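Q: 3D model of this:
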Amino acid sequence: MWYKSYIGKIIIIGVTLVACLTVVMLGFGTKIANIFPNKNQTPAPVYPTNENGQTYGSALYATSPNTEPDLIKAIGVDGTVGYVRSVDLNGPMPKTPEEALELQRKTPSVREIPLYAVDGKTVIGKFKIKNGETQIFTDQPNN
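A: Residues are numbered from 1 along each chain as shown. The predicted structure is shown next:
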């Protein structure tokens with residue numbers, strides 16, 4: 001009969017431990033979670049700025065369209081390396097799904113935008129945008 005009282009004490013101790021752990025986790029859970037930030041969040045890149053106050057560089061490491069540089073590195077139709085304006089590249093942003101469909105219908109399959117020098121003013125060539133084709137350029141030299 002001694003084992004019945006022993007089992008009862010073990011059950012009471014176990015329930016007490018679970019209750020204490022629950023209270024601690026509810027009380028400190030959010031504070032503990034804030035100590036360990038989400039490792040998947042990549043910081044936005046820092047771009048150099050030209051004399052006109054525009055940022056420039058590769059958009060490869062941009063975490064969203066909002067973190068792209070003002071001037072995005074590109075290669076023109078004749079092989080000239082320069083920059084295209086982000087606003088020219090992305091075009092107008094639709095406000096509704098209907099407007100997005102209309103813009104998509106009106107956009108030609110191939111369009112050309114100016115290719116600029118790093119100053120963002122001097123036009124040095126043309127850049128073609130073809131629907132469905134993407135090329136990514138980095139600031140690192142080829143190995």
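
Q: what's the helix or strand for the residue nearest the centre of the chain?
A: Nearest to the mean C-alpha position of the chain, by C-alpha atoms, centre = their mean, lies residue 63 at 1.7 Å. Assigned by DSSP states H and E, residue 63 belongs to neither a helix nor a strand.

Q: Next, work out how far apart it and residue 120 are.
A: As defined by C-beta to C-beta, to the nearest Å, residue 63 lies at a distance of 22 Å from residue 120. In short, each C-beta sits where N, CA and C put it, glycine included.

Q: ditto for residue 21
A: Using C-beta to C-beta, residue 21 is found at 59 Å from residue 120.

Q: hmm, back to that, measure the residue nearest to the centre of the chain to residue 45 for me?
A: Counting by C-beta to C-beta, the separation of residue 63 from residue 45 is 8 Å.

Q: do residue 87 as well
A: Here the distance between residue 87 and residue 45 works out to 19 Å (C-beta to C-beta).

Q: neighbour-wise, which of those two wins?
A: In terms of neighbours (other C-beta atoms under 10 Å), residue 45 is the more surrounded of residue 87 and residue 45; the figures are 16 against 11.

Q: Spatially nearest residue to the more buried one, not counting backbone neighbours?
A: residue 61 (4.5 Å; C-beta to C-beta, 6 or more residues apart in numbering).

Q: Domain parsing of this structure, as residue ranges.
A: Following automatic domain parsing, one finds the domains of the chain at 1-41, 56-130.

Q: Select, out of those domains, the one closest to residue 49.
A: The closest of those to residue 49 is domain 56-130. By C-beta to C-beta, the value is 7.6 Å.

Q: Give me the distance from that closest one to the chain's centre.
A: On the basis of C-alpha atoms, centre = their mean, to the nearest Å, domain 56-130 sits 17 Å off its chain's mean C-alpha point.

Q: cool, stretch 46-59 as well?
A: Computed by C-alpha atoms, centre = their mean, the chain-centroid distance of stretch 46-59 equals 17 Å.

Q: pLDDT averaged over it, what's the number?
A: Here the mean pLDDT over stretch 46-59 is 95, rounded to a whole number.

Q: quick revisit: so which of residue 21 and residue 120 has more stuff around it?
A: Under the neighbour definition other C-beta under 10 Å, residue 21 and residue 120 were set side by side, and residue 120 has more, 17 against 10.
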